[in-house]
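Participant: Model the following, please.
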Amino acid sequence: MNITKESTGDLTATIQIDLTAEDYGEKVNAALKELQRKAALKGFRPGKVPFGLVKKMYGNSAMAEEVNKILSESLNNYIKDNELDILGYPIANEEKNQKVDFENQTEFSFFFDIGTAPEVNLEINDKTAVTFYNITVEDEKVDDYLKNIRNQFGANINPETAEKGDLIKGDFVQVNGDGNPIEGAVTHNSSLSIEFVKDEDVQKKFVGAKVGDKIVFNPLKATGNESETSSMLNIAKDDREKMESDYQFTLTEISRIAPAEVNKELFDKVYPTDNIETEEQFRERLRQEASKYFQKESDNFFVHETLEKLVNETDIPLPEEFVKRWMLETDDKLTKESIDHDFEHYAKSLKQQLIVNKIAKDHDIKVDEQDVRNHIKGYFGKQYMIDITDEEKSKQLDALVNSVMQNQEEVRKIYDELFDEKVREIFKNNLKLNKVDVTYDKFIETVNEHHKHHHNHEH
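Facilitator: Residues are numbered from 1 along each chain as shown. Purely as a prediction, here's the structure:
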């Protein structure tokens with residue numbers, strides 16, 4: 001076997017792999033002997049089919065399989081041994097690769113194109129300034145959280161008269177212009193929330209209504225939403241006659257959530273281990289919870305903004321044509337036209353990943369299996385209020401951890417989360433942070449403006 005690499009550009013090269021019978025012969029024979037051992041052909045006892053016949057029947061496919069295995073292994077080893085930092089993966093060079101004839105050929109040459117990752121010259125220090133948003137939790141937000149929690153832990157009651165926030169249930173029947181049921185009318189028992197009725201005149205009809213009252217209205221006009229109307233009446237959206245008709249609604253039930261009292265019982269239900277005694281303490285605990293959630297959103301935006309800035313300020317050349325070919329080979333949904341149209345966006349994502357790789361290398365960022373296990377264990381310990389320093393309880397948690405570790409998708413997600421966390425801390429500890437206090441609503445407005453600006457810029 002002979003492997004060579006020829007440069008074809010600043011960041012591209014072609015790897016040539018030459019194979020002879022010495023490289024694959026023994027493995028092909030071993031594969032054929034295994035096939036002979038298992039072969040069951042009419043007229044022969046199991047395992048007694050002549051080797052020559054097996055070779056004639058399966059020789060070419062066995063050779064193709066072994067050659068492909070050797071190619072894949074050799075290519076990967078060559079890239080690893082020579083410490084080639086490549087983009088994506090190697091792509092077969094269709095122009096140089098000849099049609100293979102396993103029947104008559106014994107020597108083969110294969111060509112693969114590679115794209116090399118550019119050198120990223122980047123230092124993470126306080127010469128780079130980035131805005132960091134510290135989101136303050138206003139009293140109004142705490143009020144909203146408290147209202148939601150009171151409703152969440154409230155009791156369901158059935159009052160006599162409907163109010164705006166109630167859920168009402170009743171029977172729908174399709175009617176004509178005079179308000180009388182039509183022949184073959186649609187009838188359906190369903191529910192609707194009064195506050196989500198967009199037509200104010202219709203909404204007023206429901207407020208103050210009692211069980212047994214009949215209200216004629218046009219559901220489509222009232223909701224302004226075809227999907228909601230279709231689901232509420234159990235009819236197809238394309239049945240325009242039924243969709244656009246008036247209906248009589250006979251009220252059969254009024255449901256309302258009576259908010260839970262703000263007292264010790266509620267505090268213990270929401271935060272059983274915090275021993276909260278007063279509403280003031282409870283509101284402060286809600287504020288902490290909101291602050292933690294807001295902080296996560298702010299952190300994510302901070303990393304996004306930082307990577308945007310670093311990409312814009314760092315010269316990172318890419319082998320564009322190779323990257324486009326690789327993308328086309330990787331994703332069946334992409335076309336040459338769509339890649340060309342959105343390449344600026346794809347290139348930015350790739351450059352951001354190269355920057356993250358550089359930071360991880362320079363700062364020795366690593367996440368291993370034990371990190372993932374510790375994270376899962378800590379999560380369950382907190383969730384179920386288990387003292388993980390207790391040896392017996394710690395063993396019980398280990399069983400839960402082992403169960404989660406079987407889910408590769410979940411493990412990958414946790415790995416990425418821990419890795420991103422470490423990158424974020426590098427940014428926070430080394431960059432110059434211009435800290436700005438903002439309300440949550442102002443923060444969301446800033447994020448939306450940012451996305452709008454960049455969307456317009458890219459298109």
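Participant: Which residue is the nearest non-sequential neighbour of Pro90?
Facilitator: Phe112 (4.0 Å; C-beta to C-beta, 6 or more residues apart in numbering). Using the backbone N, CA and C atoms, a C-beta is placed for each residue, glycine as well.
Participant: okay, now that neighbour: neighbour count?
Facilitator: Phe112 is flanked by 21 other residues according to other C-beta atoms under 10 Å.
Participant: ditto for Tyr440
Facilitator: 20.
Participant: same check, this time on Asn151
Facilitator: Neighbours of Asn151 using other C-beta under 10 Å come to 13.
Participant: I'd like the average pLDDT over the strand or helix carrying it.
Facilitator: Assigned by DSSP states H and E, Asn151 belongs to helix 139-152. Helix 139-152 shows a mean pLDDT of 96.
Participant: which helices and strands sit right next to that helix?
Facilitator: Helices and strands touching helix 139-152, by 3 or more C-beta pairs under 8 Å, 6 or more residues apart in numbering; DSSP states H and E, are helix 264-270, helix 279-313.
Participant: How about the contacts made by Val186?
Facilitator: 172-174, 233-235, 242, 245, 247 (C-beta atoms under 8 Å, 6 or more residues apart in numbering).
Participant: Quick check: Pro90 touching Phe110?
Facilitator: No - using C-beta atoms under 8 Å as the test, Pro90 is too far from Phe110 to be in contact (10.2 Å).
Participant: if I pick Lys336, what's in contact with it?
Facilitator: Lys336 neighbours (C-beta under 8 Å, 6+ apart): 324, 328.
Participant: Please disregard the earlier target; I meant Tyr271.
Facilitator: Going by C-beta under 8 Å, 6+ apart, Tyr271 touches 282, 285.
Participant: what does Gln396 give?
Facilitator: So Gln396 contacts Ile386 (C-beta under 8 Å, 6+ apart).
Participant: tell me the SS of it?
Facilitator: helix (DSSP: H, G, I helix; E, B strand; the rest coil).
Participant: Give me the distance between it and Ser403.
Facilitator: Per C-beta to C-beta, to the nearest Å, Gln396 is found 12 Å from Ser403.
Participant: can you check Lys292 too?
Facilitator: Going from Lys292 to Ser403 by C-beta to C-beta gives 27 Å.
Participant: Let me see the mean pLDDT of stretch 289-301.
Facilitator: 95.
Participant: cool, and stretch 108-119?
Facilitator: 95.
Participant: For it, which outside residues touch it?
Facilitator: 8, 11-19, 67, 71, 75, 79, 84-88, 90-93, 96-98, 100, 316-319, 322-323, 325-326, 354, 357.
Participant: got the buried residues for that stretch?
Facilitator: 108, 110-118 (16 or more other C-beta atoms under 10 Å).
Participant: Of those residues, which pair is most distant in space?
Facilitator: Using C-beta to C-beta, the pair of the buried residues of stretch 108-119 lying farthest apart is Phe108 and Pro118, separated by 32.4 Å.
Participant: Partner strands of the helix or strand encompassing the residue nearest to Pro90 and their direction?
Facilitator: Using DSSP H and E, Phe112 sits in strand 108-116. Taking DSSP bridges as the criterion, strand 108-116 pairs within the sheet with strand 12-19 (antiparallel), strand 86-92 (antiparallel).
Participant: Do you have the strands of the stretch 151-300 of the chain handy? List them.
Facilitator: 155-157, 167-175, 187-193, 214-217, 246-258 (DSSP state E, counting those that start in this stretch).
Participant: What mean pLDDT does the third one get?
Facilitator: Per-residue pLDDT over strand 187-193 has a mean of 94.
Participant: Quick one: work out the angle between that strand and strand 246-258.
Facilitator: Interaxial angle of strand 187-193 relative to strand 246-258 (axes from the mean of the first three to the mean of the last three C-alpha atoms, to 10 degrees): 40 degrees.
Participant: residues in contact with strand 187-193?
Facilitator: 166-174, 223, 232-235, 252.
Participant: Of the residues you listed, keep whichever come out buried.
Facilitator: Buried, going by 16+ other C-beta under 10 Å: 166-168, 170, 172-174, 223, 232-233, 235, out of the contacts of strand 187-193.
Participant: From Lys452, how far out is the spatially closest residue to Glu226 that is not a sequence neighbour?
Facilitator: Nearest residue to Glu226 in three dimensions, chain neighbours excluded: Lys237, at 5.2 Å (C-beta to C-beta, 6+ apart). For Lys237, the distance to Lys452 equals 31 Å [C-beta to C-beta].
Participant: try Glu183
Facilitator: If you go by C-beta to C-beta, the gap between Glu183 and Lys452 works out to 52 Å.
Participant: More neighbours: which of the two?
Facilitator: A count of neighbours by other C-beta under 10 Å puts Lys452 above the other of Glu183 and Lys452, at 10 against 6.
Participant: And the one helix or strand that one maps to, what does it pack against?
Facilitator: Element membership for Lys452 (DSSP H and E) is helix 440-458. With contacts taken as 3+ C-beta pairs under 8 Å, 6+ apart, helix 440-458 sits against strand 129-136, helix 279-313, helix 336-362.
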